[in-house]
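Colleague: With the input below, show me the fold.
(4 chains)
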There are 2 protein chains.
Amino acid sequence: MQMDERKQKILKAIVQDYIATAEPVGSRTISKKFELGVSPATIRNEMADLEELGLIEQPHTSAGRVPSDLGYRYYVDCLMDPVVLSEKEKKIINQEVVKRLDELQEVIEYTGKLVSQVTNLTSLVLKPKNRESALKKIYFLPYETGKAIMVTVKDNGTVDNSIVDIGEDTSPEELQILANIFNDRLSGSKAQDLKKGLLNEIYSELSKKRRMLDGVLGILERMFEPKDGENKERVYLGGTLNMLNQPEFKDIDKVKNLFSLFEENRKLQELLNPGDDIQGLNITIGSENPDLAFKECSIISATYHINGKQIGSVGVLGPTRMDYSKAITIVDYMTKSLTEILTNKYRGQQI
Amino acid sequence: MQMDERKQKILKAIVQDYIATAEPVGSRTISKKFELGVSPATIRNEMADLEELGLIEQPHTSAGRVPSDLGYRYYVDCLMDPVVLSEKEKKIINQEVVKRLDELQEVIEYTGKLVSQVTNLTSLVLKPKNRESALKKIYFLPYETGKAIMVTVKDNGTVDNSIVDIGEDTSPEELQILANIFNDRLSGSKAQDLKKGLLNEIYSELSKKRRMLDGVLGILERMFEPKDGENKERVYLGGTLNMLNQPEFKDIDKVKNLFSLFEENRKLQELLNPGDDIQGLNITIGSENPDLAFKECSIISATYHINGKQIGSVGVLGPTRMDYSKAITIVDYMTKSLTEILTNKYRGQQI
DNA sequence: ATTAGCACTCACCTTGCAAGAGTGCTAACA
DNA sequence: TGTTAGCACTCTTGCAAGGTGAGTGCTAAT
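Modeller: Below you'll find the model as predicted:
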């Protein structure tokens, strides 16, 4: 059996109506709402075929039809009408993002907020991953007796500061010597490398300063290992409450399951990057998802880039019965927009 | 009518049984489970009295009794048995907190996690408020052509850094002069004051550097105004999902309401500080709460201190039918513990 | 190939009824 | 006078029966 044009039209009608109403769609409804020029009986015949093809299913004998995951997939791949954003909507997205460009954290959060508001779904935003970075420069500044401010510059441009214990007997000159040693030796090395080679050299210069040195190295080490804080990859969620408005989540147990999963960041990351290599838009529908817990959900995600390098992702999560065309358009536009804005901002810089 | 001892025992039995089972408590149940040495009929008489006093109520004529908000209040104030934490529990709390002492953010988050785990309720932790702080010291360090790292030290000890645009024609010497001017003039002043008096002076020294100066002042200003980020007071929630396990929230609409409120940080702050002046433990039961939305919830909160100064709060939120004695004990111990640990850490320092 | 018609199925709602839990009242008892 | 046993009453809960309506599949006519 093949999909002819009429079957396509009927499937499309079923999906669209079901997306809109969340109720199983009957043959009569289709023949009334959509102008196909055929009677309910004909549609019934076609629906039997569609069911045989696995594209739609019946909750029970006397109910209408509901799209299967496969049906949604066919709809997404072949039938969906593209949605275009109005210039106004585009402007809002761009302006709001640009407004917050100074603070990366804010961009992330706002992107999520925006996406979830527009789609009425839950948004997922993967924070840009700090790439492997190496130390470039160290400065010490006076703080209070026995302590100094250590300012570090990494080769990706980030600047951090922390307080180190230097003991009361360290003179500014000694500190300067230490900084010089670091700066001479470290260009481009990672913390681990530092520790091995550098220790002897510095010990010979400042034999008494062992405690202080350990402090400095400790801080450096912590700075480079991926921690809970800034450096770790993390998915930010927005509009999680929107899920509660979906009729498929009127059951409290489902909500509990879903929200529990929301707290497992690792799973969310897998969700956002079903295949790491795939460029562009990614759509995972229902049971296509490896995790059973999401078998009633679909995820649409896309990556954004700076200077051609993949940086993070934006996605939405909703029930399988979601407005795919709108969601896809938003996610697509959002990532393209982010890519453009960020690439503009960091033009030519290595990230 | 007065509360005699038997009435108290019966009320206590009703509250305790209702807390445990979430089912209206009948006279027969009480006479069986609790050894009062009287028959159900007698208990019924007393219950009628308790109802007249407004301490318990009946969902419907043929159901058992349920404590009213007033009943819980009486229970909390007069009847409750104190719970003591085992040494083991105390140790866990202390160790886990101390382990994370380096990162304030982590202490907050872990405190919340711990509290919600132990109580099976939702925890609220108010992050320490950065007190009004003034600038103490500024340093400039080289970054890349046209840009410099500005390191600021505030008088509460915090150190921040940011990148400023200095234009390509600013020499290190000029930067040093600028830093000197700032450091001479600013001791203890806030950003706004700076702007007014300082400008002319600096303009006369570095007349060409207007753009750069504006950049520096802009950053300073933003640094001092309470922002979305670090400086703003914020309540952190833990174990919000625990609420879903409570039978009173099996209705999805209630969940939606509650969770919406969770996103309004300002309301949560009010919740944690019902009266700003009150020292020690605070218990708000059901409709005692000014916000209608929480009329089925109780909040227990307490503040913690550093060197006698109020810093933040810890609280739990649950249905009115919650285990008050346990919750109170935990919150109390947690804040006392935090106060001790933090005061120890910051001994003598001004916070 | 399409359609009208019809019998059939099944979820859903309403209604009625029985069971059970709990109360309030009354009268008897210590 | 306080306590208790007994009883009638109330109200929820659960279950079964029956009616309704939406929707289907099949068949026969167009």
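
Colleague: can you list the residues that contact stretch A:299-306?
Modeller: A:124, A:128, A:271-274, A:279-284, A:289, A:310-317, A:324, A:327-328, A:331-332, A:334-336, A:338-339, A:342-343, A:346, A:351 (C-beta atoms under 8 Å, 6 or more residues apart in numbering or on different chains). Every C-beta, even on glycine, is put in place using the N, C-alpha and C of the backbone.

Colleague: Swap in 6 Å and give it another go.
Modeller: In this structure, residues lying in contact with stretch A:299-306 by C-beta atoms under 6 Å, 6 or more residues apart in numbering or on different chains are A:271-272, A:281-284, A:310-313, A:315-317, A:327-328, A:331, A:335, A:338-339, A:342-343, A:346, A:351.

Colleague: Kindly report the same for stretch A:137-156.
Modeller: A:133-134, A:136, A:159-166, A:168, A:175, A:179, A:182, B:139, B:141, B:151, B:159.

Colleague: Okay, now the unreliable bits of the stretch 151-300 of chain A?
Modeller: A:156, A:186-211, A:222-232, A:275-279 (pLDDT under 70).

Colleague: where do the helices sit along it?
Modeller: A:172-186, A:191-205, A:210-224, A:242-245, A:252-262, A:265-272 (DSSP state H, counting those that start in this stretch).

Colleague: do the shortest one and chain B meet?
Modeller: Yes - counting by C-beta under 6 Å from any C-beta of the partner chain, contacts between helix A:242-245 and chain B involve A:Leu244.

Colleague: what separates that helix from the chain centre, distance-wise?
Modeller: In terms of C-alpha atoms, centre = their mean, to the nearest Å, the centre of helix A:242-245 is set 20 Å apart from its chain centre.

Colleague: Buried ones in that helix, by neighbour count?
Modeller: Using 16 or more other C-beta atoms under 10 Å in any protein chain shown as the test for burial, helix A:242-245 gives A:Asn242, A:Met243, A:Leu244.

Colleague: model confidence over stretch A:84-103, on average?
Modeller: Confidence for stretch A:84-103, expressed as mean pLDDT, is 84.

Colleague: Grab the nearest non-local neighbour of the residue of chain A found nearest DNA strand D.
Modeller: Distance from DNA strand D to each residue of chain A (C-beta to the nearest atom of the strand) is smallest for A:Gly26, at 2.9 Å. Once flanking residues are discounted, A:Gly26 sits nearest to A:Gly64: 3.8 Å by C-beta to C-beta, 6 or more residues apart in numbering or on different chains.

Colleague: Regarding A:Tyr139, what is its secondary structure?
Modeller: Secondary structure, DSSP: H, G, I helix; E, B strand; the rest coil: A:Tyr139 is strand.

Colleague: Can you report how many residues neighbour it?
Modeller: 22 (other C-beta atoms under 10 Å in any protein chain shown).

Colleague: For it, list each beta-bridge partner.
Modeller: A:Val151 (DSSP bridges).

Colleague: okay, it: pLDDT?
Modeller: 91.

Colleague: Quick one: name the residues of the stretch 151-300 of chain A near chain B.
Modeller: Listed as neighbours of chain B in the stretch 151-300 of chain A under the rule C-beta under 6 Å from any C-beta: A:Val151, A:Val159, A:Asn161, A:Leu241, A:Leu244, A:Lys250, A:Ile252, A:Lys256, A:Phe259.

Colleague: you'd agree A:Glu106 is in a helix?
Modeller: Yes - A:Glu106: assigned to a helix according to three-state DSSP.

Colleague: about what we covered before: ramachandran angles for the residue nearest to A:Gly26?
Modeller: phi -70, psi -170 (degrees, to the nearest 10).

Colleague: tell me the pLDDT at it?
Modeller: At A:Gly64, the model reports a pLDDT of 94.

Colleague: now swap in A:Ile149 and tell me
Modeller: A:Ile149 is given a pLDDT of 90.

Colleague: Just the strands from the stretch 201-350 of chain A, written as ranges.
Modeller: Assigned by DSSP state E, counting those that start in this stretch, the strands in the stretch 201-350 of chain A fall at A:235-238, A:282-285, A:297-306, A:309-319.

Colleague: Same list (the ones you listed) but as JSON lines, adding distance to B:Lys90 and mean neighbour count.
Modeller: What follows is the strands of the stretch 201-350 of chain A, written out as JSON lines (distance: least, C-beta to C-beta, whole Å; neighbours: other C-beta atoms under 10 Å in any protein chain shown):
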{"stretch": "strand A:235-238", "distance to B:Lys90": "35", "mean neighbour count": "20"}
{"stretch": "strand A:282-285", "distance to B:Lys90": "47", "mean neighbour count": "21"}
{"stretch": "strand A:297-306", "distance to B:Lys90": "43", "mean neighbour count": "23"}
{"stretch": "strand A:309-319", "distance to B:Lys90": "41", "mean neighbour count": "23"}
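
Colleague: so which of these gets nearest B:Gln8?
Modeller: strand A:235-238 (47.9 Å; C-beta to C-beta).

Colleague: Need the contact partners of the closest one.
Modeller: A:Ile108, A:Gly112, A:Lys113, A:Ser116, A:Ser123, A:Leu124, A:Val125, A:Leu126, A:Phe262, A:Asn265, A:Leu268, A:Gln269.
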